[in-house]
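Participant: Show me the folded form of this:
(2 chains)
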There are 2 protein chains.
Amino acid sequence: MNRITSLFGTRYPIVQAGMIWCSGWELASAVSNAGGLGLIGSCSMYPDTLREHICKCKAATDKLFGVNLPLIYPQVADHIQIIIDEGVKIVFTSAGNPAKYTSFFKEKGLTVVHVIANTKFARKCEEAGVDAIVAEGFEAGGHNGIEETTTMTLIPMVREATNLPLIAAGGIGTGRQMLAAFALGADGVQIGSRFVASEESSAHPEFKRSVLEAKDGDTALILKKVIPVRLIKNKFYHDIKVMEDQGATREQLYEHLGRGRAKKGMFEGNLDEGELEIGQVSGLIHKIKPAGEIVEEILQEFEKARAELLNLEIWK
Amino acid sequence: MNRITSLFGTRYPIVQAGMIWCSGWELASAVSNAGGLGLIGSCSMYPDTLREHICKCKAATDKLFGVNLPLIYPQVADHIQIIIDEGVKIVFTSAGNPAKYTSFFKEKGLTVVHVIANTKFARKCEEAGVDAIVAEGFEAGGHNGIEETTTMTLIPMVREATNLPLIAAGGIGTGRQMLAAFALGADGVQIGSRFVASEESSAHPEFKRSVLEAKDGDTALILKKVIPVRLIKNKFYHDIKVMEDQGATREQLYEHLGRGRAKKGMFEGNLDEGELEIGQVSGLIHKIKPAGEIVEEILQEFEKARAELLNLEIWK
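Facilitator: Below is the predicted model:
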């Protein structure tokens, strides 16, 4: 028994991150069916698309699943209405203040988890009455905190700041990394990149292939003047990097970005001009597998590594 | 028994990082006397000063200790001669190619450890015949790799790349973090920041105080066009940051830097104009203690957390 499995009614304290262009109903239902918690990533969906994915997810699993709701999304009010209408039970809010919608969702009977990247927001989560926190480190793919605090230091610092159930994210894709997160004081883990490279992920096959090819040093956090994002260092990245090194302003960067870069890269497979959001853990991902197999593999490695750790004779 | 304690003949697989302006003979001998491996940080020392510290360290402990030797140091040949003349048994090389001096040191009978921040150099270490590797993550204080790979992802990737004895560094200052490093596949840990805040550290009292006050988000990695360095976000940092945001060149940054910034901050206690090198783990450091007490506290927390981890009932 564990605070995260109790909260979500799942078998395992593994959450699949709600990611743009990768985590629709197929991935979310596969993870929930495998005993974890699947999340639909709403940020790349129009309201009607989100409704469709929720309905299909309900049809594909009798387990609970959740929706990830970035509060910066322009039509967030429509998304919230759909989440309520369709009876979704769990919502992960991110990219905003937890005070904004937590009490509303709690009154409607939902479980609310908020994603943070620093201790200041961990305390705000506690004040807002969220049920659990995701603390996400610098190594995570996609949008990221400005403090650049890594999972290794963020988790113990958030643990010091609050006693809320704590889900570690950022750099976690294997059983050993999950074990490390628990050693640091987490009650569960959120895994994104590893599930991008699953069969059920809606990422473009070319993007999935580039995730398998990525080695250490092949991702970077850029666009810090706009909104920090970790992605693969492709042509798009290098063009931005040149601009940043020369002191480009926020406006110039926005202009170069234009619209739809993430869709272009992750969903349409344009590896040169698209934004390919992925975490540093991509260097440890070598094969595309069914999501359920990924869950089982992580758990097996976790238990094997835990047993080894018990038997390690470290002192002389 | 453990590959790191066997290699160094220490009681514990804990290495105190050789740091500029902080780790002279007093700190190194205190850590070695406590059962870890103390290192003299040679990079802030003139050759005669290094010789003096080695001699005093020998007088202060009958245990082994080592010298940290950054290969970019201008008088590195003089330092090497002193290390050989004084019969130092363990050398940690960094900031350069392990092929350069490893066989020389090995022929002289020394144990050679090389510090790396990516898997490419991990393989070079293996080819060069080093005895062990320190893999240092992005969260570490002071000079750092350009890939920005964090400890959570770097350690498993280096573990995949080589079977050499592996010491994890970056973001490790507590027993739980040490346990996480072992979960990730490390055989030992190197700890820097936590020992900056020790009684035996030669850091200026004002700098030590600023380490205790640092919270998450209070350090940053800057000067990436020159040589990346993690430090406290003081006035010196903010001045550089403005220059970098406006596209300052390498030459302009060098000119602003001038000389002796680290000495000014860390040794002379000028908190505004000096460079205050420290890791993200500073947010978890709350008290200045004797180095031996720090070692004991880390070990106790490690064993407590290990026992908890084994008893955790995680599955439903």
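
Participant: residue ranges of the helices in the stretch 101-250 of chain A, please?
Facilitator: A:102-107, A:119-128, A:151-161, A:175-183, A:193-196, A:205-213, A:235-245, A:250-257 (DSSP state H, counting those that start in this stretch).

Participant: Can I get the ones you listed in JSON lines including mean neighbour count and mean pLDDT?
Facilitator: In this view, the C-beta of every residue, glycine as well, is placed from N, C-alpha and C. Formatted as JSON lines, the helices of the stretch 101-250 of chain A follow (neighbours: other Cβ atoms under 10 Å in any protein chain shown; pLDDT from 0 to 100):
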{"stretch": "helix A:102-107", "mean neighbour count": "16", "mean pLDDT": "98"}
{"stretch": "helix A:119-128", "mean neighbour count": "19", "mean pLDDT": "98"}
{"stretch": "helix A:151-161", "mean neighbour count": "27", "mean pLDDT": "98"}
{"stretch": "helix A:175-183", "mean neighbour count": "28", "mean pLDDT": "98"}
{"stretch": "helix A:193-196", "mean neighbour count": "29", "mean pLDDT": "98"}
{"stretch": "helix A:205-213", "mean neighbour count": "18", "mean pLDDT": "98"}
{"stretch": "helix A:235-245", "mean neighbour count": "16", "mean pLDDT": "97"}
{"stretch": "helix A:250-257", "mean neighbour count": "13", "mean pLDDT": "95"}
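
Participant: Now render those as CSV, adding distance to chain B.
Facilitator: Formatted as CSV, these follow (distance: least, Cβ to the nearest Cβ, whole Å):
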stretch, distance to chain B
helix A:102-107, 22
helix A:119-128, 5
helix A:151-161, 4
helix A:175-183, 4
helix A:193-196, 10
helix A:205-213, 14
helix A:235-245, 7
helix A:250-257, 10
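
Participant: Format the ones you listed as JSON lines; extra columns: distance to A:E273.
Facilitator: Shown next, in JSON lines, are the helices of the stretch 101-250 of chain A (distance: least, Cβ to Cβ, whole Å):
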{"stretch": "helix A:102-107", "distance to A:E273": "38"}
{"stretch": "helix A:119-128", "distance to A:E273": "34"}
{"stretch": "helix A:151-161", "distance to A:E273": "31"}
{"stretch": "helix A:175-183", "distance to A:E273": "32"}
{"stretch": "helix A:193-196", "distance to A:E273": "19"}
{"stretch": "helix A:205-213", "distance to A:E273": "12"}
{"stretch": "helix A:235-245", "distance to A:E273": "6"}
{"stretch": "helix A:250-257", "distance to A:E273": "11"}
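
Participant: what's the pLDDT at A:P74?
Facilitator: In this model, A:P74 is scored at 89, pLDDT.

Participant: let me fix that: A:Q300
Facilitator: With respect to pLDDT, A:Q300 scores 97.

Participant: Could you do A:K316 as well?
Facilitator: 63.

Participant: For A:G279, which of the helices of the stretch 101-250 of chain A is the nearest?
Facilitator: For A:G279, the closest of the helices of the stretch 101-250 of chain A is helix A:193-196, at 4.2 Å, according to Cβ to Cβ.

Participant: and that closest one, what does it pack onto?
Facilitator: When contacts are defined as 3 or more Cβ pairs under 8 Å, 6 or more residues apart in numbering or on different chains; DSSP states H and E, helix A:193-196 packs onto helix A:205-213, helix A:291-311.

Participant: Contact partners for the one residue in chain A that gets nearest to chain B?
Facilitator: As assessed by Cβ to the nearest Cβ, chain B sits closest to A:G247 within chain A, at 2.4 Å. Listed by Cβ atoms under 8 Å, 6 or more residues apart in numbering or on different chains, the contact partners of A:G247 are B:245-248.

Participant: again, but for A:I167
Facilitator: Contacts of A:I167 (Cβ under 8 Å, 6+ apart): A:4, A:13, A:15, A:113, A:132-135, A:186-190.

Participant: Mark which of these are part of strands, please.
Facilitator: A:15, A:113, A:132-135, A:188-190 (DSSP state E).

Participant: A:H53 looks like it's in a helix, true?
Facilitator: Yes - counting by DSSP: H, G, I helix; E, B strand; the rest coil, one finds A:H53 located in a helix.

Participant: Quickly check the contacts of A:G247 for the two that are furthest apart.
Facilitator: Greatest spacing in those, by Cβ to Cβ: B:D245 and B:A248 (8.6 Å).

Participant: ok, A:L64 touching A:L110?
Facilitator: No - look at A:L64 against A:L110 with Cβ atoms under 8 Å: they stay out of range, at 10.9 Å.

Participant: In contact with the spatially closest residue to A:A262 that is not a sequence neighbour: list those residues for me.
Facilitator: What sits nearest to A:A262 in space, not counting adjacent residues and going by Cβ to Cβ, 6 or more residues apart in numbering or on different chains, is A:E275, at 4.5 Å. By Cβ under 8 Å, 6+ apart, A:E275 lies in contact with A:229, A:231, A:236, A:261-262, A:264-266.

Participant: I'm done for today, thanks for sticking with me.
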